[in-house]
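Chemist: The following block contains a protein sequence and its predicted model.
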Amino acid sequence: MKKILLSLAVIVTISINAQTLDSLDCTELFISEYIESIENNNAIEIYNPTASSINLAGYTINRYSNGASSGPESWQLGGTIASGDVIVVGNGQLDSIDLGTYWSVPVDPVFYALLDDHCNGDYDANSTFYFNGDDAMTLENGGNILDIFGKVGEDPGSAWTDDASAGYTDANGGTWWTKRQTLIRKPSVKIGVTLNPVSFNPTAEYDSLPDATYTEMGSHTCDCITTSIINKDVTYVMYPNPAAKGENVVINSKSAISYIEIYNMLGEKIISERTSIISTEMLLKGAYLINIYFEDDKSVRNKLIIE
């Protein structure tokens, strides 16, 4: 009888824990994309799966270097992230830097243009986005861990891999997954990893794209929000982009445009009008999010850069 009662208690506990985890789905920010690429083109994308905008004050991205379990480099986030939107933060090194034994090269301008925020390229001042495949990264709010990429306190070698026999480290020469890769969080993932894992299997929650793939930066597909405004079946051209202040930006498409919306990086709507020609006279220099709605009920999201 005691064994039966104990078994029932275990089943009930597991069921309650599962329900608790399910109830936390889509309630907090998490890491949606990880980019570790050549020439310091490193970035972390953060996704808001909730139904509301979130003020990023108090949120940080942290780097635990080479197996460190404490004292991470930290980057303070700022602004507001809208529901279903992302913020991309990465390395902003624009010049070559002589580090004595080698030259640290600048990031790709195409990559740089897709960043919403970035460090200034001074490694000594802040090295959060100089990760190189063997560093654990966390997203935290007020010191509370919301998501972990990698395993804090573990040095996997050169990278975490797909080799289960080595605990997903590269001890046995598995295929690198966290070095020279772009990793996209699977749409089925609705919550971050809040407890340091026994082992970090990058294949479980991420899809892998080739090195130096930046096409997915700036948007994320998640089962939390099924009515995403992003529709990649639409063919359109928006030019010039980047555009000089005062220059008109033209949107050409075979589908008739119903209206557009332009948001700043604080999530504030600043333009909503029926047009295919955008005047940039009233826009300050910087990055904007533009939603384009078509009369066939399709829509797309893009970034607009004003230089």
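Modeler: Perfect, I can see it now. Residues are numbered from 1 along each chain as shown.
Chemist: what's the closest non-adjacent residue to A125?
Modeler: C119 (7.8 Å; Cβ to Cβ, 6 or more residues apart in numbering). Bear in mind the C-beta positions are built from the backbone N, C-alpha and C, glycine included.
Chemist: and the one you found, how far is that from S74?
Modeler: 11 Å (Cβ to Cβ, to the nearest Å).
Chemist: shared neighbours of these two, anything?
Modeler: Counting by Cβ atoms under 8 Å, 6 or more residues apart in numbering, the residues touching both C119 and S74 are T128.
Chemist: higher neighbour count, the two?
Modeler: C119 (21 against 13; other Cβ atoms under 10 Å).
Chemist: from memory the more buried one sits against F131, does it?
Modeler: No: with contact taken as Cβ atoms under 8 Å, C119 and F131 are classed as non-touching, separated by 11.6 Å.
Chemist: partner residues bridging the spatially most central residue of the chain?
Modeler: Centroid-nearest residue in the chain, with Cα atoms, centre = their mean: E45, separated by 1.2 Å. Beta-bridge partners recorded for E45 (DSSP bridges): E33, V88.
Chemist: surely it meets F30?
Modeler: No: when contacts are counted by Cβ under 8 Å, E45 is not listed as touching F30 (10.0 Å).
Chemist: Would you indicate which residues of stretch 69-81 are buried?
Modeler: 72-73, 75, 77, 79-81 (16 or more other Cβ atoms under 10 Å).
Chemist: Quick one: the residues you listed as JSON lines, columns for distance to S96 and secondary structure too.
Modeler: Below are the buried residues of stretch 69-81 laid out as JSON lines (distance: Cβ to Cβ, whole Å; DSSP: H, G, I helix; E, B strand; the rest coil):
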{"residue": "P72", "distance to S96": "27", "secondary structure": "coil"}
{"residue": "E73", "distance to S96": "22", "secondary structure": "strand"}
{"residue": "W75", "distance to S96": "22", "secondary structure": "strand"}
{"residue": "L77", "distance to S96": "28", "secondary structure": "coil"}
{"residue": "G79", "distance to S96": "30", "secondary structure": "coil"}
{"residue": "T80", "distance to S96": "35", "secondary structure": "strand"}
{"residue": "I81", "distance to S96": "33", "secondary structure": "strand"}
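Chemist: Just send the residues you listed back as JSON lines, with pLDDT and distance to M265 too.
Modeler: Output for the buried residues of stretch 69-81, formatted as JSON lines (pLDDT from 0 to 100; distance: Cβ to Cβ, whole Å):
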{"residue": "P72", "pLDDT": "94", "distance to M265": "25"}
{"residue": "E73", "pLDDT": "94", "distance to M265": "23"}
{"residue": "W75", "pLDDT": "95", "distance to M265": "16"}
{"residue": "L77", "pLDDT": "96", "distance to M265": "11"}
{"residue": "G79", "pLDDT": "92", "distance to M265": "6"}
{"residue": "T80", "pLDDT": "92", "distance to M265": "8"}
{"residue": "I81", "pLDDT": "92", "distance to M265": "9"}
